[in-house]
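Engineer: next come a sequence and a model predicted from it.
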Amino acid sequence: MEVKKRSTPILPWMRSPVDVNQFEACALNLFPCLDPRLEVALDKMGFSSLFPVQVAVWQETIGPGAFERDLCINSPTGSGKTLAYALPIVQKLSTRSVKCLRALVVLPTRDLALQVKEVFAAIAPAVGLSVGLAVGQSSIADEISELIKRPKLEAGICYDPEDVTCELQSSVDILVATPGRLMDHINSTKGFTLEHLCYLVVDETDRLLREAYQSWLPTVLQLTQSNEESLFPLANSFLSSTFGSLKTIRRCGVERGFKGKSHPRLVKMVLSATLTQDPSKLAQLNLHHPLLMTTGKRRYQLPEKLESYKLICESNLRPLYLVALLQELGEEKCIVFTSSTESTHRLCTLLNLFGDLGIKIKEYSGLQRQSRRSKTLKSFREGKVQVLVSSDAMTRGMDVQGVRNVINYDIPAYIKTYIHRAGRTARAGQAGRCFTLLHKYEVKRFKKMLQKADNESVPHYSVPSSSIESLRAAYNSALGKLKETVESEASRKRKFGSKFLKLSRTKPTDRRKG
Ligand SMILES: Nc1ncnc2c1ncn2[C@@H]1O[C@H](COP(=O)(O)OP(=O)(O)OP(=O)(O)O)[C@@H](O)[C@H]1O
């Protein structure tokens, strides 16, 4: 007997969303209430108008909505969600003269955080605001010196660092962070406080809510509410048992630095192209009178100018079809997605053993060190690399100009994954194509999955059989070389592993010293 899956009930406030499709792009010079300094900054970024989601969010923040409700923004990949929250936050903060941390943006990965920081850094300085980054890209000491201002030492006076805590000040107004590094600063950085926080942005919300990441969310919510309105008694006891005594307890009522004004409510903005509707997940955010902003009637929406294709082939011939397709696409920037870090490595190695394809192909995956990944991403952005073979590390949020094609080498398991992968192309109103390689037995599942995004008729894409035949010899030779490469990598790993093991067994003290 078939067991029917129970659908999750939709929260009442989600039933009457604001439809972003009702808004039109607006020319920069006609944009209402925009600070002229920000207009200049946007112009310098090469933006002449603001996208519909940016206009819609502006309406709810700087416009008549006046930031009175927390916003849940569900809008397609590449529609400009980053600027949609960055612009109103920066404009709103520009009227304050006291420097303290007032906006926190949390993202799930370092590369995404770096990208978002760049957007803030392009507009915030125009109105005298500074932006910090807490992602673990540099040492914690370097990060602290960027984020916290120490008092000027007077000649001849020696300060005990324990005594100057109250003199420490934030150097930044806006902080872009990943959860891990954020927690490090909350737990250990003297002078780091969230007590003045006015805006909390949770970008890629569904991904961030999926994992606890050291309970960053209950911690931030706890630290940003006044002592009197302790809505989370359980969280309180959890926090004190987990972290011991936290140093940054938000005060209620009159705030230091705000000249007797009571502290404003913490405004939350949560965003994704595939925003969760799960009430228990959304409850974690403790949203205030939330407003859903979404695009169209469908829950999932693909970018308007995205063309999807399916390419059917035998499983064992997939590399051949992939190479034939890549050759057809020529030098167009392209991301090839696989289902795991291991197959990313294997596929990229195989492609590079194919002989000279005239295309520079690199790997980008969670198996690699961050520095290596950043270097590869830079080359890809600069066009020195045309094809990235990637695990799902690249799936969400990454914005690389000029990516014309996405190829699903492995069929994604969920529609959400398809949406985020495909969304690396066809961004900012540009055209793009997403090809999915399928075995004939996978066609039905693929069709069913895409129906969830209203994309039922995905046309076939075929590569000429002559191209496949002409690649066969090179393929067989590459397969042989792949075997050798994999074996030599494995033996290198074993050697390195046993050496490391020996070292760790015989010289524990030396290692500690080193
Ligand atoms: N008003 C604008 N005019 C021109 N380009 C813009 C504008 N706003 C944003 N963009 C560009 O659009 C691209 C996509 O923006 P962004 O990364 O914010 O999309 P997103 O909606 O967050 O996508 P994702 O869901 O994949 O994270 C970026 O390259 C950005 O520079």
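Structural biologist: It's in. Residues are numbered from 1 along each chain as shown.

Engineer: so where's the chain uncertain?
Structural biologist: For the chain, applying pLDDT under 70 flags the ranges 1-8, 152-166, 226-263, 496-514.

Engineer: what does it put close to the ligand?
Structural biologist: Neighbours of the ligand within the chain, by Cβ under 6 Å from any ligand atom: 47, 49-51, 54, 77-83, 273, 397, 399, 423, 427-428. For the C-beta atoms, the positions are set from N, CA and C on the backbone; glycine is no exception.

Engineer: buried among those? Make that a PyMOL selection.
Structural biologist: To isolate the buried ones among the residues of the chain next to the ligand in PyMOL, judged by 16 or more other Cβ atoms under 10 Å, type:
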select buried, resi 47+50+51+54+77+78+79+80+81+82+83+273+397+399+423+427
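
Engineer: tell me which of the residues of the chain next to the ligand fall in helices.
Structural biologist: Among the residues of the chain next to the ligand, the members falling in helices (DSSP state H) are 54, 81, 82, 83.

Engineer: next one: the third one from residue 35, what distance?
Structural biologist: Going from residue 82 to residue 35 by Cβ to Cβ, to the nearest Å gives 18 Å.

Engineer: can you check residue 476 too?
Structural biologist: Shown here: residue 476 relative to residue 35, a distance of 63 Å by Cβ to Cβ.

Engineer: of those two, who's got more company?
Structural biologist: Applying other Cβ atoms under 10 Å to residue 476 and residue 35 shows that residue 35 carries more neighbours, namely 18 against 11.

Engineer: number of residues surrounding the closest residue to the more buried one other than its chain neighbours?
Structural biologist: Once flanking residues are discounted, residue 35 sits nearest to residue 91: 5.4 Å by Cβ to Cβ, 6 or more residues apart in numbering. Neighbours of residue 91 under the rule other Cβ under 10 Å: 19.

Engineer: how many neighbours does residue 177 have?
Structural biologist: By the criterion of other Cβ under 10 Å, residue 177 has 28 neighbours.

Engineer: now do the contacts for it.
Structural biologist: Going by Cβ atoms under 8 Å, 6 or more residues apart in numbering, residue 177 touches 104, 105, 106, 107, 113, 133, 134, 135, 185.

Engineer: now these as JSON lines including neighbour count and secondary structure?
Structural biologist: Compiled in JSON lines, those are given as follows (neighbours: other Cβ atoms under 10 Å; DSSP: H, G, I helix; E, B strand; the rest coil):
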{"residue": "104", "neighbour count": "21", "secondary structure": "strand"}
{"residue": "105", "neighbour count": "24", "secondary structure": "strand"}
{"residue": "106", "neighbour count": "25", "secondary structure": "strand"}
{"residue": "107", "neighbour count": "26", "secondary structure": "coil"}
{"residue": "113", "neighbour count": "26", "secondary structure": "helix"}
{"residue": "133", "neighbour count": "25", "secondary structure": "strand"}
{"residue": "134", "neighbour count": "29", "secondary structure": "strand"}
{"residue": "135", "neighbour count": "21", "secondary structure": "coil"}
{"residue": "185", "neighbour count": "23", "secondary structure": "helix"}
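
Engineer: closest to the ligand among the residues you listed?
Structural biologist: Distances from the ligand to the contacts of residue 177, taken as Cβ to the nearest ligand atom, are shortest for residue 107 (9.6 Å).

Engineer: pretty sure the closest one contacts residue 204?
Structural biologist: Yes: taking Cβ atoms under 8 Å as the definition, residue 107 is a contact partner of residue 204 at 6.2 Å.

Engineer: doesn't residue 441 lie inside a helix?
Structural biologist: Yes: judged by DSSP: H, G, I helix; E, B strand; the rest coil, residue 441 forms part of a helix.

Engineer: distance of it relative to residue 92?
Structural biologist: 54 Å.

Engineer: comparing these two, which residue is more hemmed in?
Structural biologist: Comparing residue 441 with residue 92 by other Cβ under 10 Å, the one with more neighbours is residue 92, at 19 against 9.

Engineer: which strand or helix spans that one?
Structural biologist: helix 81-93 (DSSP states H and E).

Engineer: so which elements touch that helix?
Structural biologist: Contacts defined by 3 or more Cβ pairs under 8 Å, 6 or more residues apart in numbering; DSSP states H and E place helix 81-93 against helix 36-44, helix 52-61, strand 71-74, strand 103-106, helix 110-123, strand 174-177, strand 199-203, strand 267-272.

Engineer: can I get those in TSV with distance to residue 327?
Structural biologist: Below are these laid out as TSV (distance: least, Cβ to Cβ, whole Å):
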stretch	distance to residue 327
helix 36-44	39
helix 52-61	37
strand 71-74	38
strand 103-106	41
helix 110-123	29
strand 174-177	40
strand 199-203	37
strand 267-272	35
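
Engineer: residue 364 is nearest to which of the ones you listed?
Structural biologist: helix 110-123 (9.4 Å; Cβ to Cβ).

Engineer: buried set for the closest one?
Structural biologist: 110-117, 119-123.

Engineer: for the residue nearest to residue 35, give me its contacts.
Structural biologist: Residue 91 touches 33, 34, 35, 38, 62, 127, counting by Cβ under 8 Å, 6+ apart.

Engineer: and the first one, what is it in contact with?
Structural biologist: Under the criterion of Cβ under 8 Å, 6+ apart, the contact partners of residue 33 comprise 62, 63, 91.

Engineer: the second one is in contact with residue 31, isn't it?
Structural biologist: No: when contacts are counted by Cβ under 8 Å, residue 63 is not listed as touching residue 31 (10.4 Å).

Engineer: the two: which is more packed in?
Structural biologist: The neighbour count for residue 63 versus residue 31, taken as other Cβ under 10 Å, is higher for residue 31 (18 against 15).

Engineer: which residue packs closest to that one, ignoring adjacent ones?
Structural biologist: residue 50 (5.8 Å).

Engineer: likewise for residue 325?
Structural biologist: Distance criterion Cβ to Cβ, 6+ apart; nearest residue to residue 325, sequence neighbours excluded, is residue 463 at 5.8 Å.

Engineer: try residue 331
Structural biologist: In this structure, residue 331 finds its nearest non-sequential neighbour in residue 386, 5.4 Å apart by Cβ to Cβ, 6+ apart.

Engineer: ditto for residue 83
Structural biologist: Leaving aside its chain neighbours, residue 83 sits nearest to residue 54 (5.6 Å; criterion: Cβ to Cβ, 6+ apart).

Engineer: wait, that neighbour sits on residue 86?
Structural biologist: No: taking contacts as Cβ under 8 Å, residue 54 lies outside contact range of residue 86: 9.4 Å.
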